[in-house]
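In: Sequence below, structure please.
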Amino acid sequence: MKKYKKPLPSMSVWSAPFWEGCKREELLIQKCRDCGTFIFYPKMYCTNCLSSNLEWIKSRGKGKIYTHMTVYGFQPTEFSEDVPYVVAVIQLDEGVRMMSNIVNCKEEEVFCNMPVEVVFEKVTKEFTLPKFQPVR
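Out: Residues are numbered from 1 along each chain as shown. Okay, the predicted model is just below:
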């Protein structure tokens, strides 16, 4: 594996299960055991009822693009060789939204409500990043 030169996520105590799931190529989100609300990004308390009774569940890893943008320039230097690239907010089937890249697709083919599915990119020994591609 060649050296990864881009910024890496910060791992916290409550986000560690998410990143461990990504290493296993499982997209994990939280679910409140008290009210059933799905939660992303990782939190200590339910965003609906403030319960701390949360569990990690495996997401289907499918959803639709809620909104997107294509980066053509003025990106951080570490991403220069990736231009153009698409950054999107994906609404997962479970109802939560997450930001990621759209890959394996030409940027001009990306559109809102496009069905997408998670794919994983192993970038270091510690981190595997979730990205999304059109449903095949």
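In: Quick check: longest strand in the protein by residues?
Out: For the chain, the strand reaching the highest residue count under DSSP state E is reported as strand 62-71.
In: Would you mark the buried spots in that one?
Out: By neighbour count on 16 or more other Cβ atoms under 10 Å, the buried set for strand 62-71 is 62-65, 68, 71. Placement of C-beta: from N, CA and C, glycine included.
In: quick one: the strands in the protein?
Out: Residue ranges of the strands in the chain, as given by DSSP E, are 28-32, 38-39, 54-58, 62-71, 85-92, 97-102, 115-122, 128-134.
In: Which neighbouring elements make contact with the shortest one?
Out: Secondary-structure packing of strand 38-39 (3 or more Cβ pairs under 8 Å, 6 or more residues apart in numbering; DSSP states H and E): strand 28-32.
In: residues in contact with the residue lying closest to Cys112 once chain neighbours are set aside?
Out: In this structure, Cys112 finds its nearest non-sequential neighbour in Ile65, 5.6 Å apart by Cβ to Cβ, 6 or more residues apart in numbering. In this structure, Ile65 makes contact with 88-91, 102, 110-114, 116, 132, judged by Cβ atoms under 8 Å, 6 or more residues apart in numbering.
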